[in-house]
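Q: Just a sequence and a predicted model for now, questions to come.
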Amino acid sequence: MAHGKTFEVTEETFGKEVLESDLPVLIDFWAEWCGPCKMIEPHVVALSEEYEGKLRVGRLDADSNPSIMMEYGIMGIPTLILFKDGQPVERLIGYMPKDRIVSKLEPHLG
């Protein structure tokens, strides 16, 4: 399970924690059985610490929250979606190195 400055998101908390957040929010859509999800998790945790105050990082269990998965058309995990002002502005699918994730997020965090 992730640590650092990450927080858990559920269907019940998604609106308040993600869509109404003053800061951009990166959501990691993951599942316990997903190998690539486990591989990307340390990057997600590191981002939550390195960007504290500029970015909130949440994790959503795909198996426990199917309606959010359907709402955002998520077909595979891990999927990272960056929400800014309640809107998805960046979507990263599958495992990727941390520097590649950062290069996709940075333009939105100015």
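A: Done, it's in.
Q: what sits against the spatially closest residue to residue 53 that is not a sequence neighbour?
A: Leaving aside its sequence neighbours, residue 53 sits nearest to residue 23 (Cβ to Cβ, 6 or more residues apart in numbering; 7.9 Å). Quick note: C-beta positions are derived from backbone N, CA and C, even for glycine. Applying Cβ atoms under 8 Å, 6 or more residues apart in numbering, we find residue 23 in contact with 53-56.
Q: ok, now residue 61?
A: The contact partners of residue 61, taken as Cβ under 8 Å, 6+ apart, are 8, 10, 30-32.
Q: Out of these, which two are the most distant from each other?
A: Greatest spatial distance among the contacts of residue 61 (Cβ to Cβ): 10 and 32, at 15.0 Å.
Q: how near is the residue nearest to residue 53 to residue 85?
A: Distance, residue 23 to residue 85, by Cβ to Cβ, to the nearest Å: 10 Å.
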